[in-house]
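Q: Mind folding the following:
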Amino acid sequence: MSGHSKWASIKHKKAATDNKRGKVFTRLIREISMAARAGGGDPDKNPSLRNAIDGARAANMPADNIKRAILKGTGQLEGATYEEVSYEGYGPGGVAIFLQAVTDNKNRTVSELRHIFAKNGGRIGESNCVAWMFKRMGYIDVEKAKASEDILMDVALAAGADDLKDDGSIFEITTSPESYEAVVQALKKSEIEIAASEVGFLPQKYVKVEGKEAQQVLRLMDELEDHDDVKAASSNFDISEEDIATFSQAT
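A: Presented below is the predicted three-dimensional model:
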C-alpha cells in the first residue's frame, strides 16, 4: 500500500492550495449540488452534503457560492442537471483505475477521459472490468509527526474504525462508510490533524510499479484527477514514496 496514501495526501494539499481556484470551485459546486439533490439541502441531516460543504470551506469558497449550489441541487434555482457516473480502466503496468465523475454531458466526458488514458499509456475498459477490485470505505490519513500510533489507535478504534496501518510516513485509518464521520469527529475532538480523508473506493489488492512505469501512472492519475468532471480517482498502484516525491517535484 506504500505510496497510495502518500499520493492521496499530496493531492489533498494540492487541492487546498490550487491556483486554478475557479476549476476547484466548479468541481466542488457540482459535488454540493449532487449531494443536495440526493439527500436534501440540510447538512445536519445529509452527511454527504456536510462533507461537501466542509471541502468547499477548506478551499475558501464564499458562503454565497455554497448556498447557490445547494439551492440548485434542491431545484430552488435553475441550472445544469448533473448526474453521477463511473468509469473504469487500466494504466501502465496493468494497474486498475476506478473513476467517479459528475457530468452534464456523458458523451463529452467519456471522450475526454479516453483521450487522457490513451496519451498516458492506459485505456478505458468495459463496465465492471475493475470495479470488483475496489470496496467502498472511509479512509483517514494522519502524518506520523502529528500523533503517536498508540494514541491514534485508541481514539480511532474507540470511535468505530476498522483498522490502522503504518504506511511509510503516515498512518492510514480505514472505516466503514457508516462509521467514517464518527471517527473524523473523534480525531478532531482530540486535536489530531488529518492530512487527507474521504469515503471512496479503496483497492483490495495492489500492483507494484517502479521507475518509468511509476511516473507514467502518476502522470495519468494527475491528469485524470485534474479533469473538471472527475470527482474522485482510485487506483491499486503500489509506488514508493521516493518515486512519488520525484514526480511531485517535477510537476
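
Q: what sits against the closest residue to residue 176 other than its chain neighbours?
A: Once flanking residues are discounted, residue 176 sits nearest to residue 162: 6.4 Å by CB to CB, 6 or more residues apart in numbering. (Each C-beta comes from the backbone N, C-alpha and C, glycine too.) By CB atoms under 8 Å, 6 or more residues apart in numbering, the residues touching residue 162 are 137, 174, 175, 176, 179.

Q: Tell me, how many residues neighbour residue 166?
A: Number of residues near residue 166 (other CB atoms under 10 Å) recorded here: 12.

Q: the strands in this structure, which residues?
A: 83-90, 96-103, 123-124, 134-143, 163-167, 170-175, 196-203, 207-208, 230-235, 237-238 (DSSP state E).

Q: Save those strands as a markdown table, and put in mean pLDDT and distance to residue 31 too.
A: Formatted as a markdown table, these follow (pLDDT from 0 to 100; distance: least, CB to CB, whole Å):
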| stretch | mean pLDDT | distance to residue 31 |
| --- | --- | --- |
| strand 83-90 | 93 | 10 |
| strand 96-103 | 92 | 7 |
| strand 123-124 | 96 | 22 |
| strand 134-143 | 91 | 16 |
| strand 163-167 | 88 | 26 |
| strand 170-175 | 91 | 20 |
| strand 196-203 | 86 | 11 |
| strand 207-208 | 92 | 29 |
| strand 230-235 | 88 | 6 |
| strand 237-238 | 90 | 24 |
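
Q: Distance-wise, check residue 127 relative to residue 158.
A: 40 Å (CB to CB, to the nearest Å).

Q: so where's the chain shaky on pLDDT?
A: By pLDDT under 70, the low-scoring segments of the chain are 1-22, 248-251.

Q: Just give me the longest helix of it.
A: helix 21-39 (DSSP state H).

Q: How many residues are close by residue 72?
A: Around residue 72 there are 22 other residues, counting by other CB under 10 Å.

Q: Pull the contacting residues for it.
A: Counting by CB under 8 Å, 6+ apart, residue 72 has contacts 29, 33, 36, 78, 79.

Q: now do residue 82
A: Residue 82 neighbours (CB under 8 Å, 6+ apart): 30, 33, 34, 37, 102, 103, 104.

Q: Then residue 23?
A: Residue 23 sits next to 226, 228 when contact means CB under 8 Å, 6+ apart.

Q: for the stretch 51-200 of the chain, what spans make up the helices?
A: Counting by DSSP state H, counting those that start in this stretch, the stretch 51-200 of the chain has helices at residues 63-73, 106-119, 149-158, 180-189.

Q: So for residue 86, which of the ones you listed sits nearest?
A: Residue 86 lies closest to helix 106-119 among these, at 11.0 Å (CB to CB).

Q: I'd like to know which of the contacts of residue 82 are buried.
A: 30, 33, 34, 37, 102, 103 (16 or more other CB atoms under 10 Å).
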